[in-house]
Structure formats: structure tokens, C-alpha cells
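Asker: the sequence isn't on hand, but the structure is:
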């Protein structure tokens with residue numbers, strides 16, 4: 001603001017002196033007139049005599065003289081122009097003509113733009129503002145120049161000004177006709193609004209920040225009447241900001257309905273303190289939400305409260321985090337594992353109760369100490385150096401360690417030590433989680449001892465079985481050989497009776513040999529070591545074969561055996577091993593079923609690809625429920641008529657099913673019987689296509705699509721043999737002429753290996769010799785190219801069905 005004292009023109013000084021003298025003369029005249037009024041009183045006399053009115057006339061003459069004297073006006077210009085009108089004005093003035101040329105400028109205006117003396121006189125007003133505002137300013141000047149004398153008109157505009165130093169200022173310019181200062185002259189007022197604009201921008205930014213805030217903000221006056229609400233507050237209260245203005249502050253806070261808390265809030269903030277509270281409510285979706293409410297008093301420079309500001313923020317996430325921390329803290333406190341936290345130097349800061357309980361130290365004896373307090377002395381320095389080297393490098397260390405309790409007892413621990421880093425990547429703590437495995441190690445040692453004993457026992461059994469089997473097999477084989485000699489003796493022909501007797505002896509001997517082979521198969525040392533030779537087979541036919549074999553012992557007890565399986569049901573498995581599994585289960589069913597009972601084999605009505613063997617026997621004792629499949633705890637029970645067993649049958653069945661990635665399970669009701677279930681994963685028949693012509697393999701694959709089979713492909717015999725070693729197909733379709741191994745050699749090798757694979761030979765060669773050679777090599781069918789679908793598909797289907805059955 002301009003604070004300079006402006007000089008008063010000399011003519012004005014004279015005018016003021018004349019005016020003061022006139023006032024004094026008028027006062028004196030009034031007093032004299034009053035004193036002489038009695039002497040001169042007349043009904044027609046005036047209250048003021050003529051001589052008393054002369055000073056008044058002189059006063060008005062002085063006014064006229066000053067008003068119309070050119071000398072006075074000229075001196076006024078020289079002594080400061082318009083400045084004597086508003087000597088302390090913050091607004092700069094200028095008189096301009098109708099073209100915008102400055103005729104006269106105030107000192108304030110000169111200071112505003114940085115000019116001195118008469119530098120602005122004669123300068124175009126548009127030179128004081130930026131180019132983009134000049135057209136508007138000139139248009140305003142032109143418009144106001146045409147206003148009639150005495151007519152009021154004002155034009156206001158905001159532009160950016162250019163100072164003499166080329167700095168910029170924000171201006172508000174008002175233009176008005178300068179009536180009485182000459183024709184076609186305008187008065188221009190310049191106001192620096194840079195500070196106001198800055199304040200407006202700051203206010204706008206502040207309001208924008210508040211409106212974009214997720215926190216509810218409400219500002220009220222000293223009476224608690226709302227003056228401002230941000231967008232979040234309007235949204236939470238379900239209204240717009242304008243409708244909330246003028247309402248009471250407490251109505252917009254969740255504490256408004258709680259009179260006690262409301263009074264507490266006002267009594268707190270009215271004495272100049274901040275009030276804080278937490279509230280809980282259910283959101284629109286029914287979820288429990290938590291919020292924190294603050295109410296602050298706002299004071300002026302004299303510490304007088306002028307406003308109140310309320311802030312309400314959602315702290316549901318923080319509450320959940322606090323709850324999580326609380327839960328974790330409780331989990332750590334109640335954990336059976338020992339948990340220890342140290343600082344970056346290894347000084348213990350925290351231990352949970354398990355550390356106190358297991359190691360026997362009080363918490364106060366541990367905090368601040370080094371973990372070396374628990375050292376057992378069983379680890380050398382290199383062990384600890386390696387451990388600390390790993391965790392100080394930022395890596396987790398885990399392993400076993402032996403520590404010592406306060407009482408001197410050794411504790412075996414399974415421990416993991418993790419470094420903890422701050423958000424800036426600085427190592428701040430180590431966390432150790434240890435589990436007492438002393439009892440576990442003792443149990444492991446005991447189990448190892450038992451396992452060793454079992455291994456010795458199994459080895460003894462294996463040796464015994466091997467010796468017995470050898471000693472049994474040799475005389476039986478010798479006896480069968482002698483029977484064969486007698487049967488084949490051409491010189492001494494046997495009569496029908498003796499021939500029948502020898503045939504029965506031979507059959508019994510063969511069965512005895514088969515039983516010895518089964519005994520060897522179930523030898524404990526061979527469990528799980530079988531190489532599976534999977535193929536598709538008909539399960540109905542397998543069960544029928546087993547039922548026929550066990551017909552004699554079943555009939556001896558009057559037990560009925562029924563095969564209720566579907567005649568086309570099949571498994572993809574090792575036939576021989578599955579035969580032994582079914583045989584074992586059926587023998588057990590006969591063994592534990594009383595006379596007149598029934599044994600049934602059927603498909604499960606609840607589980608896919610599962611067969612069930614059901615009996616009406618006495619059931620499995622509850623005491624053996626968890627042990628009947630265990631080979632470590634062999635169990636054996638006498639049958640209903642005292643039949644004995646070795647206890648290896650069910651463990652053998654379990655191992656076979658596990659090897660096939662299947663399962664065996666049972667349900668039993670004491671006195672009512674048992675149901676044993678065998679499950680194998682479903683599988684489609686696998687067909688191998690062998691041909692060095694890729695297009696022909698594609699043709700074969702397309703022809704087989706309708707048959708619900710899986711295919712695998714090889715380009716020659718060598719590759720086919722390698723693949724068959726990993727997965728045995730049901731059917732092999734091979735070309736005969738390939739390199740490096742042709743189809744003939746492939747067929748011969750499979751025949752040599754005695755693989756259960758059906759084989760079709762395909763070739764363009766129609767010669768009889770080629771056909772004969774293919775069959776001699778092991779092919780079951782021979783097809784010539786080009787293939788005819790209606791002929792080829794039935795051949796494939798027939799061989800698959802034969803193989804499966």
C-alpha cells in the first residue's frame with residue numbers, strides 16, 4: 001500500500017483558509033445578531049441582518065473561485081494530480097483517451113508497474129497487459145467511449161499484467177467514463193489481485209484435497225452449525241453438501257443419538273481440547289464397519305474458538321489388522337512350539353511360554369541374554385559359525401540342534417531361524433521357531449529297532465520259505481516226472497482205472513507246484529518289487545476261473561459262490577497279480593463264513609470301476625480293524641472250522657492294489673459278514689501304431705476314433721520296443737517294412753518276450769510268402785493296404801475283445 005504523504009496544492013490551502021475564516025465570521029455574526037435583536041427587533045426584521053450574511057456570501061464565492069479557476073486545476077496537476085483525492089489508495093488510477101493512450105497516471109499505478117515520473121504518460125494502456133487480454137480491453141474502451149455524458153457504465157475484466165521488469169502480475173481492471181474531466185476520456189482503475197488469486201488457488205486446492213479424501217470432513221461455526229462438508233461426508237450422510245449446510249454438527253456424526261457421549265464431546269471441545277471416539281455400525285451389505293471420529297476446536301490468533309472441525313475415518317482395515325495381530329499374538333503365546341525373537345546382535349527380546357516350560361528358565365532370566373545360554377556343548381564352533389553365517393547373510397537356516405535345559409536335561413530340537421528386515425531393507429530381528437522332538441527321536445529309534453527285528457524275522461521267513469519250497473518242489477517234480485514216464489510207457493499200456501488214478505496224481509502235483517509258487521510270490525521280501533505287466537482282461541472270466549479253483553473247499557462247507565459281475569467288465573492290470581488278490585479274498589471269505597453261507601462277487605453300486613466280494617461270515621474283529629493290511633503287524637485268525645493261515649494274504653492284496661494305484665477297503669458287521677472292495681483307475685484300451693509313414697498313422701488314428709481307445713505311435717520297431725517297456729498296449733498294429741527295425745523283427749521280439757499283446761501286420765505286399773512270414777513271426781491277423789474301414793474295424797474289435805476277455 002502506498003503510504004507516502006502527498007503535498008496539498010497552494011491554491012487549495014488558500015481555499016481552506018478562506019473557508020475557515022468564513023465559518024468564524026458566520027459564528028460571530030450570529031452571536032452579534034442575537035445580542036442586538038432586542039434593540040432592533042421588528043416584526044418584519046430578519047433573523048440574520050444583511051451585514052451578518054456577507055461572510056456567507058464570501059464563502060460561496062471562494063468555492064466558485066476554486067471550482068472554476070484554471071490556475072487551481074493546473075497547479076493541482078503539477079502538485080500530484082489525482083493523488084490528493086485518495087492519498088493512501090491501493091488502487092492505481094489512469095486517465096485515458098478513447099484510443100487507450102494514458103493521459104495521466106497516479107503514483108500508485110506507477111509503483112504497481114515499476115515506472116517512475118512521467119514514463120507512463122502517452123503510453124498505450126494495452127502495453128501494460130499480455131497480448132491475449134488486449135482485444136477485450138480495447139473493446140471495452142471503445143464501448144465506454146460512446147456512453148453519453150452523465151450515463152453510468154462500468155466494465156470489469158481480469159487480465160495478466162506486464163511490469164517494466166517483465167515480471168507478471170494478476171490484475172483486475174475497471175473502466176468507467178470520466179465525466180467532468182473532459183470529453184471522451186475514461187477512468188481506468190488497476191488493482192493487483194495476485195495475492196487474492198493465490199489465496200483462491202490455495203483454497204481451491206485445499207477444498208479439492210478435502211473433497212477427494214476418503215475421510216469425512218465437516219466444518220461448523222462456533223455454535224455447531226455446519227458451514228462446510230466434503231464429498232465423503234455428504235456420501236456417508238446420504239445427502240449433497242448444500243443440503244447439509246446449516247444443520248447441526250452432531251446430527252452428522254454417529255454419536256448424535258448418544259446424549260451422554262454427545263455432551264462429553266461438546267464439553268471437551270468447548271474448552272479447547274480434541275475429542276476422539278470409535279464407533280461400530282453395520283454397512284449397507286450388513287458387514288460390521290469401524291470408524292474413528294475426531295472433533296477439533298479451531299482458534300483464531302487470540303485463542304478464541306471460531307469453528308469446529310470433525311473428521312470421521314473408516315478404520316475397519318486397521319481393526320482387522322489389530323485383531324489379526326491379537327490373534328497371532330495369542331497363537332504365539334499358546335503355541336506348543338518354542339518361539340524366540342532376538343535383535344540384530346542376537347540379544348533375546350521375546351520368548352513365548354513354551355520356551356519357559358520346556359527349557360525351565362524364567363522369562364526374566366532369558367530376556368537380554370544370548371541364545372548361547374541354552375548351549376548343550378554337543379556342537380563344535382564350526383556348527384554355530386555356519387549357522388550364523390547363513391542367517392546374517394539374509395537366508396533362513398533350518399536343521400536339528402541339541403540344547404540343554406536349566407536342569408541339565410538335553411533337548412533335541414527341530415529349529416528354523418529367519419532374519420527379519422525393516423521396510424527399508426535393514427536387518428532388525430531374528431525369529432527362531434523350534435519344536436521339541438526329543439520324544440519323536442526316541443520313538444524313531446524304537447521303531448528302527450523294531451524294523452530291524454522285523455527285517456531279521458522276514459529274512460528268516462524268506463530263508464525258511466525258500467528252503468521249504470526247494471525241498472518241496474524237488475520231490476514233487478521228481479514224482480511228476482515218474483508219473484509221466486508211466487503214462488507214456490508204450491510197452492505197458494494202462495487200463496482206464498490206473499490211467500485215471502495217474503492223471504489225478506499228476507493234476508494234484510501240478511496244483512502243489514502252483515501253491516509253492518504262490519507261497520514264493522507272497523514272500524515278505526518280494527512285496528512291492530513286482531514288475532507290473534498290465535493288460536486288459538475280462539474280470540468276469542477271471543473270477544469264474546478262481547471260483548472253479550475254490551469250488552472244492554466251498555462245497556466242503558456247503559457255501560454258495562456266485563459271480564454277479566457284468567460279463568463285459570474289464571480291468572487294466574497285471575492279470576496274474578490280480579488273480580492272486582481275488583483268490584486270497586475268496587479263500588478268506590470261505591474260511592470265515594460258516595456252513596451254509598454265501599459268497600458273492602459283484603460290481604459296486606456306489607463306486608465306479610470297483611468290484612465287491614461279500615460274505616455272510618462272522619466279520620472282522622474290531623481289535624484288528626487297523627492292522628489287517630499291515631505287513632509290520634502280521635495277524636492270523638482261525639477260520640470257522642479251525643482253518644489256519646499265515647497272515648500274509650491281506651497285506652499282499654494291499655501292496656498289489658497300491659502298486660496299481662488302486663485301493664482295497666472293507667466294511668464289516670460282527671456276526672453278519674464283510675464286504676471287501678477292489679478299485680482300479682478306469683483306463684481305455686491302448687493301441688500302438690507303428691509305421692514310418694506319418695500320413696498312414698494319421699489315417700489309422702482317425703479310423704480308431706470311434707472305438708473309444710487310446711493310441712500311441714512309433715516310427716519303427718526299435719522305438720516301439722522302447723515305448724512298450726514303459727507302457728504295454730493291448731493291440732499292436734505295425735507295418736512290416738521299416739528301418740532300422742522292421743515289423744517282422746518287432747513281432748519276433750514280442751513273441752520271444754511272451755508279451756500279452758494282440759498283433760496285426762499291415763503291408764502293401766500281397767505275396768503269400770509275406771503273409772506266412774508275418775504269422776510265423778507272431779501276428780494274429782494280416783491286412784493289406786489300402787485299408788477298407790468296414791473290413792479293418794471288425795478285425796481290430798475282434799482282437800481287442802479277445803485280448804480283453
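Answerer: Arrived safely. Nothing here was measured: the structure is a model prediction, and the numbers come from that model. Numbers count the residues shown, from 1 in each chain.

Asker: break this protein into its domains for me.
Answerer: For the chain, automatic domain parsing gives the domain ranges 10-75, 89-192, 199-320, 335-436, 443-519, 527-679, 686-804.

Asker: the fourth one - what's its average pLDDT?
Answerer: Here the mean pLDDT over domain 335-436 is 92, rounded to a whole number.

Asker: so where do the helices sit in the stretch 51-200 of the chain?
Answerer: For the stretch 51-200 of the chain, the helices defined by DSSP state H, counting those that start in this stretch cover 70-78, 107-113, 134-145, 194-212.

Asker: so which of those helices is the most surrounded?
Answerer: Burial of those is given as mean neighbour count (mean count of other Cβ atoms under 10 Å); helix 107-113 ranks first at a mean of 21. For every residue, glycine as well, the C-beta is placed using N, CA and C.

Asker: helices or strands up against that helix?
Answerer: Helix 107-113 sits against strand 92-97, strand 185-192, with contacts defined as 3 or more Cβ pairs under 8 Å, 6 or more residues apart in numbering; DSSP states H and E.

Asker: could you export those to JSON lines, including columns for mean neighbour count?
Answerer: Putting the helices and strands packed on helix 107-113 into JSON lines (neighbours: other Cβ atoms under 10 Å) gives the following:
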{"stretch": "strand 92-97", "mean neighbour count": "22"}
{"stretch": "strand 185-192", "mean neighbour count": "20"}
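
Asker: need these in JSON lines (columns: mean pLDDT).
Answerer: As requested, those are arranged in JSON lines below (pLDDT from 0 to 100):
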{"stretch": "strand 92-97", "mean pLDDT": "89"}
{"stretch": "strand 185-192", "mean pLDDT": "89"}
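
Asker: between the ones you listed, which gets nearest to residue 294?
Answerer: Among the helices and strands packed on helix 107-113, the nearest to residue 294 by Cβ to Cβ is strand 185-192 (39.2 Å).

Asker: pull up the pairing partners for the closest one, direction included.
Answerer: Applying DSSP bridges, strand 185-192 is found paired with strand 92-97 (antiparallel), strand 168-177 (antiparallel).

Asker: which positions within the longest one qualify as buried?
Answerer: What it means is strand 168-177. 169, 170, 171, 172, 173, 175, 176, 177 (16 or more other Cβ atoms under 10 Å).

Asker: residues in contact with it?
Answerer: 112, 129-130, 137, 140-141, 144, 147, 149, 151-163, 185-194, 196-197 (Cβ atoms under 8 Å, 6 or more residues apart in numbering).

Asker: ok, now the first one?
Answerer: Applying Cβ under 8 Å, 6+ apart, the set of residues contacting strand 92-97 from outside is 82, 102-106, 108-113, 120, 125, 141, 178, 181, 184-191.

Asker: just give the number of residues close to the residue lying closest to residue 314 once chain neighbours are set aside.
Answerer: Spatial nearest neighbour of residue 314, chain neighbours left out: residue 291 (5.6 Å); criterion: Cβ to Cβ, 6 or more residues apart in numbering. By the criterion of other Cβ atoms under 10 Å, residue 291 has 20 neighbours.

Asker: dump the domains of the chain to CSV, plus distance to residue 329.
Answerer: Listed next are the domains of the chain as CSV, based on distance: least, Cβ to Cβ, whole Å:
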stretch, distance to residue 329
domain 10-75, 88
domain 89-192, 59
domain 199-320, 15
domain 335-436, 10
domain 443-519, 32
domain 527-679, 40
domain 686-804, 54
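
Asker: closest one to residue 326 among the ones you listed?
Answerer: Residue 326 lies closest, by Cβ to Cβ, to one member of the domains of the chain: domain 199-320, at 10.3 Å.

Asker: measure that closest one end to end?
Answerer: 41 Å (Cα to Cα, to the nearest Å).

Asker: what of stretch 642-660?
Answerer: In stretch 642-660, first residue to last residue: 33 Å (Cα to Cα).

Asker: buried set for it?
Answerer: For stretch 642-660, the buried set under the neighbour-count rule, 16+ other Cβ under 10 Å, comprises 645, 647-657, 659-660.

Asker: coming back round to it: may I have the secondary structure class of the residue nearest to residue 314?
Answerer: Secondary structure of residue 291, reduced to three states by DSSP: H, G, I helix; E, B strand; the rest coil: strand.

Asker: what sits against it?
Answerer: Applying Cβ under 8 Å, 6+ apart to residue 291 gives the contacts 254, 278, 279, 280, 281, 312, 313, 314, 315, 316.

Asker: now these: which count as buried?
Answerer: For the contacts of residue 291, buried by 16+ other Cβ under 10 Å: 254, 279, 312, 313, 314, 315.

Asker: three-state assignment of the third one?
Answerer: With three-state DSSP as the basis, residue 312 sits in strand.

Asker: for it, give me the pLDDT.
Answerer: Looking at residue 312, the pLDDT reads 81.

Asker: what's the pLDDT at the nearest residue to it once chain neighbours are set aside?
Answerer: Here the nearest residue to residue 312 in space, its sequence neighbours aside, is residue 216; by Cβ to Cβ, 6+ apart that works out to 4.0 Å. You'll see residue 216 listed with a pLDDT of 79.
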